[in-house]
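Undergrad: 3D, please:
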Amino acid sequence: DCVEAYFDRARPGCGQSVGADWQRRVDAMVPKVTKALSDIRKVMANAGYEDNDYRLVLQTYAAPVAPDVVNGLQDLSGCPFRTEDLRWVKDTAVPTMTAGLRKAAKDAGANFLDLSEAGVGHEACSSNDPNNEWFRRLAVQWSDLRSQDRANHALQESFHPNSAGYAQVGRCFGTYMRIPAVFTEAKCVPGPDGNLTAVLLGRG
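TA: Have a look, this model is predicted:
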């Protein structure tokens, strides 16, 4: 919706069209995520595991884009979004989803790892050098557009973490797992060396 709004200036931006219904969508998502986490607990219990035999961690999503897109990249070459929609994604959409997922984790008794600010400074189109970014820019699988069954998937690899992004998330997850299990919440933020690390938010 955000990409389509960039090309059709007659329609409202996704911050308005999707944003008007975003909180309701997140609220509807929470019990589904809670149930999924509870189902994992049941499967583990049926396999003979006690709750304290493992840590169930729910990770959130990082904002893949931000308003400060490099000049010349706010188009099909990288990030075709309206500036107000980029601001909505970063300031409203991701924080709202993070709050919903935090509630789901709490309701299910799972640990919570907040990635909402994990990509700050490394979002798609934040640098002239894509090697400094942790998220893919617009990526179109042109062959998918030839098939009606695949057309909706043509852009699906856009704005997801790239290999560097996944490495950073994995690094942060690793630092969190080395922290005693009594600390049930943490947030991934850049450390002094620029790499992601887990900062504690709360304990059970």
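
Undergrad: Please count neighbours and contacts with C-alpha atoms only from this point.
TA: Noted.

Undergrad: So what does the residue in the chain sticking out farthest from the centre have for phi and psi?
TA: In the chain, counting by Cα atoms, centre = their mean, Gly48 sits farthest out from the average C-alpha position, at 32.3 Å. Main-chain dihedrals, Gly48, degrees, to the nearest 10: phi 100, psi 10.

Undergrad: Please read off the pLDDT at it from the model.
TA: If you check Gly48, the pLDDT there is 97.

Undergrad: do the same with Ala62
TA: 92.

Undergrad: Okay, it and Asp39: tell me how far apart.
TA: 25 Å (Cα to Cα, to the nearest Å).

Undergrad: do the same with Pro190
TA: Going from Pro190 to Asp39 by Cα to Cα gives 33 Å.

Undergrad: again, but for Asp68
TA: Counting by Cα to Cα - Asp68 and Asp39 are separated by 41 Å.

Undergrad: and Arg25, how far is that from Pro192?
TA: 37 Å.

Undergrad: Please give me every residue in contact with the most centrally placed residue in the chain.
TA: In the chain, the residue lying closest to the centroid (Cα atoms, centre = their mean) is Tyr61, at 1.9 Å. Contacts of Tyr61 were listed using Cα atoms under 8 Å, 6 or more residues apart in numbering, and they are 94, 98, 114-116.

Undergrad: if we go to 6 Å?
TA: Counting by Cα atoms under 6 Å, 6 or more residues apart in numbering, Tyr61 touches 115-116.

Undergrad: Tell me where the chain has helices.
TA: 2-7, 14-17, 19-46, 83-88, 94-108, 163-177 (DSSP state H).
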